[in-house]
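Asker: I'll drop the sequence and a predicted model, then ask my questions.
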Amino acid sequence: MYPVETAINTSNGQARVTNARVYVNRTPLSDQKAQPRLSDPVAQPDQRRFTYYFKAQVPLEEGRNVIYIEFDGYLSDSIVVYFAPKLPNLHVLAIGVPAEDLQYTTKDARDFAAAIRAQNGLGLFNRINVQVHATYDSTTNNALSVAFQSLRDAAYNGQIKPNDFIVVFLSSHGDRGKDGRFYLQSSGCIPQYESTMFDYEYYISRYLNPINCKHKLLFVDACHSGAARGQNPDMPTGKEPGQQELSKALFQANTAAEGMAIFTSCSANELSYEHSSWQNGAFTEALLEAFLRGKELGIDRGSWVKVPGMYTPEPDDIITVDELKAFLETRVPALVQEKFNPNFTQHPTIKVDAQKMNLSFIILK
């Protein structure tokens, strides 16, 4: 809020505050926003003119603000105020690719996006911009390519600034191509032909890496998410051949990501599971628990962090990256063990630079 004040000289000794209007970039502010106040009139010596002092509060927009005041049809001189908010903006791309043998990939993306949107106005971010791609048409190879390129272009155009955060969430099948690289199944792809699939490493390297921003977080609920293949969708049929090689391909792809915190849903030789009681994949379910029930679970107390001195022992209503990492490493295996045979395990793989571990990410309600 930016305070403005001006003196008004008029022959009207009965002027009211409603005679004045504040404009920002040619748009009039409502009285509720401007909180206008008009002083009592001060009579000039000739008693024919009166001076009022008008004050208002102006909510600034990011960038250039041209402010002037109108009183009874007369305009004041204008002033120009440049405003750069200290709070970062958060830019979110949530992708859930529909699949016949997976029930919850699209719901994973929508639920993740809704949980992030709930951060709006809580004080950690200035603005939260969310894109959701969770339909067939919005998750084709071309559509996903445009989505990633749009993030890069937003950075080049100044819409994503050096102080901002970027979060990308992906829920889909993961596959290892014949070239050994990690691919995501996109809508309409032919899995045996990697040229038709989404080249994960390529788009991370080409479009996310060049973006200059404060921090990037990548969440991947893939690598054969929800490996249920039988008639009972809640009972996985077992580990599939080549899964260890697939996870190695994902690990190799993630090493190409520069300066990102990367959270993947399972480790080598494991699958990612989903369950009807969660209506999500296990990894996404744990994320939603952290975002929506974090205070109840005590995540902000550092109770999930095992290394002394790496967290604040008292609750602070904020989830940091290290607290989220430690919670997921504990909670995801527990969720899978609760619902499935103990032979089925799932341990997230998380890569975070040490200097980013204490970065605040979520405000707890």
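Answerer: Ah, there it is.
Asker: Assign S205 to helix, strand or coil.
Answerer: Judged by DSSP: H, G, I helix; E, B strand; the rest coil, the three-state class of S205 is helix.
Asker: Could you pull up phi and psi at the spatially closest residue to it that is not a sequence neighbour?
Answerer: Once flanking residues are discounted, S205 sits nearest to A256: 5.0 Å by Cβ to Cβ, 6 or more residues apart in numbering. Backbone N, C-alpha and C define where each C-beta goes, glycine included. A256 adopts backbone torsions of phi -80, psi -10, taken as degrees, to the nearest 10.
Asker: Give the burial count for S265, as a bare number.
Answerer: The local packing of S265 (other Cβ atoms under 10 Å) involves 32 other residues.
Asker: Following element in sequence after the lengthiest helix in the chain, please.
Answerer: Longest helix in the chain, counting residues (DSSP state H): helix 321-339. Where DSSP states H and E defines the elements, the next helix or strand beyond helix 321-339 is strand 349-351.
Asker: after that following strand comes which helix or strand?
Answerer: Using DSSP H and E, the helix or strand that follows strand 349-351 in sequence is strand 360-363.
Asker: Show me what that next one pairs with in its sheet, parallel or antiparallel.
Answerer: strand 318-320 (antiparallel) (DSSP bridges).
Asker: Moving C-terminal from the helix or strand of the chain with the lowest mean pLDDT, which element do we reach first?
Answerer: For the chain, scoring each helix and strand by mean pLDDT, DSSP states H and E identifies helix 243-255 as the least confident one, at a mean of 74. Heading C-terminal from helix 243-255, the first helix or strand you meet, by DSSP H and E, is strand 260-264.
Asker: what angle do that following strand and helix 321-339 make?
Answerer: Here the directions of strand 260-264 and helix 321-339 differ by 10 degrees (axes from the mean of the first three to the mean of the last three Cα atoms, to 10 degrees).
Asker: Check which residues of strand 260-264 are buried.
Answerer: Neighbour-count burial for strand 260-264, with 16 or more other Cβ atoms under 10 Å as criterion, is recorded at M260, A261, I262, F263, T264.
Asker: Direction included, what does that strand pair up with?
Answerer: Here, using DSSP bridges, strand 260-264 pairs with strand 215-221 (parallel), strand 349-351 (antiparallel).
Asker: No further queries at this time; thank you.
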